[in-house]
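>>> Got a predicted structure here, sequence first:
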Amino acid sequence: MKSIQPRARAIAVLGTASDVGKTAVSAGLCRILVRHGIRVAPFKAQNMALNSFVTPEGGEIGRAQALQARACGLDPHVDMNPILLKPESDRRSQVIVRGQAIQSLEAQAYFDRREEIWAIVRESYDRLAGAYEAIVIEGAGSAAEVNLREHDVVNWRTARWADAKVLLVADIDRGGVFAQMLGTLDLLAPDERRRVIALVVNKFRGDPRLFADGQQYLEARTGLPVWLVPFLPDAHLDQEDRLDLAASAQRAFLDSSVNVAVVLLPRLSNFTDFNALAREEGLSLRYVATPEDLSHADVIILPGTKNTLDDLRYLVERGFGPALKAHVDRGGELIGICGGYQMMGRHIHDPDGLEAGGSSPGFGFLDIQTELKSPKICRRVRGRVSALEGLDDCVIEGYEIHMGRITGRTRSSCFTLHRPATDEAFRSCDPSLSEEEGTWAFGGRVWGTSIHGLFDHASFRLGWMNRARTRKGLPAIGLATHLSASASLDSALDRWADHLERHMNLASIIEGFERSFPSG
């Protein structure tokens, strides 16, 4: 198929490895270009991540592209991430195409369909390129995965299709940055190497003068400019994968705070549900891997997972059941979100083998049962708290991404949702547009929901925190303190974009976009 000439110019952010900062650099570039009056959209051809987001149309994409869309001032769209792979095991992933789950495939079966996948990627890119002036492309993993080159649809094949210039990002915090950069460049094909216009040394800590010799060495060896980006503490941007959760796991539990333990599941998904909590003053959040780590927790959260049955068996085998029961018996709060909610019920059934297959008893804290069924539910929701003490009538918003169908609920539901999730339906409170969601027990100390993103919203988060603080005998947090501790995502994006503009020489890139698309 002959390439059409896209209207947009493109820049691709590729990396020397996973988790070097491609997502954040791409988001920062998006915000910078927007501030220069350029209409820009993000694009990642294929994303492998368990953090996902629901678009306004009900499609599922990677959370990273939702963040980048926010940086562009856009609603996220499935064309921004046409292929999303959600790992279900070490060899199999659920394949989501333009927002809809189609099937689960093992790696070789997926690779066998690469030309079909590439056609989808190309069509999505061309739609964006016809609608915007600039596209910021994020790559995946390493730009030099030579064993996967023939299967690649996300790095160089996309860069060539878009005729993109490339920024190559490395993480100096890992060590070995010279080998990262020079080794990657050495393994590139000549046409790939010619696309690279600058090297970005990310997450530098300390005095930049100490890297001056290294910068000169890299520039002399490669003939490329080297941009040193210092580490920015408290950046507060959503991470794409779980590689940096270990740092969160070290936060100490204190008598003066609400101590929240999030159980670290093998297939944990959407852990960005807890980013806003981690930033709160008066709350200590940590990820825990063993039952012993739950000691001194005031609140335990069972998070979402891409394989509920396998992760439930994992918890049972490691003795989490008695530890959770002891926590509830001594008056602690237990919360389940999505897959974690399903684990808290009586049974989980997977008759069609959509995940692990078979059936398993749950922990039995909630009088519900779950059956995994197609199609996958992806939708945004809005409503009010209906039956959680201290949170009566509090507004809630979020999104659902799950296969589980919940039945039972002989106890009260937690929330009343309004469908469709629009302002008009929400204001009308028409019962015909409402449905009950979530389940509570033990006086509201034990509750579960299928809704992701609940804690992202300040009013619910503050009310929930103060309920937990009151239970512990701590004073309530006032609204002013709460808001000062809850920096908005837009403020974080602006701060990060300012940081990149100070340390990356982007003038020629911006000038090239502005020259191609003059204002007026």
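On my side now, so go ahead.

>>> alpha carbons only for contacts and neighbour counts from here, please
Will do.

>>> Read off the pLDDT value for Leu479.
On pLDDT, Leu479 comes in at 64.

>>> Leaving out chain neighbours, which residue sits closest to Leu254?
Among residues not flanking Leu254 along the chain, Ser284 sits closest, at 7.3 Å (Cα to Cα, 6 or more residues apart in numbering).

>>> and that neighbour, how many neighbours?
Ser284: 22 surrounding residues under other Cα atoms under 10 Å.

>>> Tell me the strands beside the helix or strand harbouring it, with direction?
Assigned by DSSP states H and E, Ser284 belongs to strand 283-288. Using DSSP bridges, strand 283-288 pairs in its sheet with strand 258-263 (parallel).

>>> what residues does stretch 405-418 touch?
Contact with stretch 405-418 is made by 342, 366-373, 381-388, 425-426, 429-430, 433-441, 447-449, as judged by Cα atoms under 8 Å, 6 or more residues apart in numbering.

>>> Just the buried ones from those, in PyMOL syntax?
Buried members of the contacts of stretch 405-418, defined by 16 or more other Cα atoms under 10 Å, are picked up in PyMOL with:
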select buried, resi 342+366+367+368+369+370+371+372+373+381+382+383+384+385+386+387+388+425+426+429+434+436+437+438+439+440+441+447+448+449
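
>>> Might you specify the subset of the contacts of stretch 405-418 located within strands?
Judged by DSSP state E, the subset of these located in strands is 368-373, 381-385, 434-437, 439-441, 447-449.

>>> residues of the single longest helix found in the chain that come out buried?
With residue count as the measure and DSSP state H as the assignment, the chain has helix 114-131 as its longest helix. With burial defined by 16+ other Cα under 10 Å, the residues of helix 114-131 counted as buried are Arg114, Ile117, Trp118, Ile120, Val121, Arg122, Ser124, Tyr125, Asp126, Leu128, Ala129.

>>> Can you name the next helix or strand after that helix?
Helix 114-131 is succeeded, C-terminally, by strand 134-138 (DSSP H and E).

>>> List the strands paired with that next one, with their directions.
Here strand 134-138 is paired, per DSSP bridges, with strand 9-15 (parallel), strand 40-43 (parallel).

>>> and the very next helix or strand once past that strand, what does it pack onto?
Downstream of strand 134-138, the first helix or strand assigned by DSSP H and E is helix 156-162. Where contact means 3 or more Cα pairs under 8 Å, 6 or more residues apart in numbering; DSSP states H and E, helix 156-162 is packed against strand 9-15.

>>> after the strand it packs on, next one along is what?
Next helix or strand after strand 9-15 toward the C-terminus (DSSP H and E): helix 22-35.

>>> Give the other helices and strands that that following helix contacts.
For helix 22-35, the packing partners by 3+ Cα pairs under 8 Å, 6+ apart come out as strand 9-15, strand 40-43, helix 63-72, strand 134-138, helix 489-503.

>>> Just to be sure, Ala476 is in a helix?
No. Looking at Ala476 with DSSP: H, G, I helix; E, B strand; the rest coil, it is coil, so not inside a helix.

>>> Give me the three-state assignment for the closest residue to it other than its chain neighbours.
Setting aside the residues directly before and after it, Ala476 is nearest to Asn466 in space (Cα to Cα, 6+ apart), at 5.1 Å. In terms of secondary structure, Asn466 is helix; the call rests on three-state DSSP.
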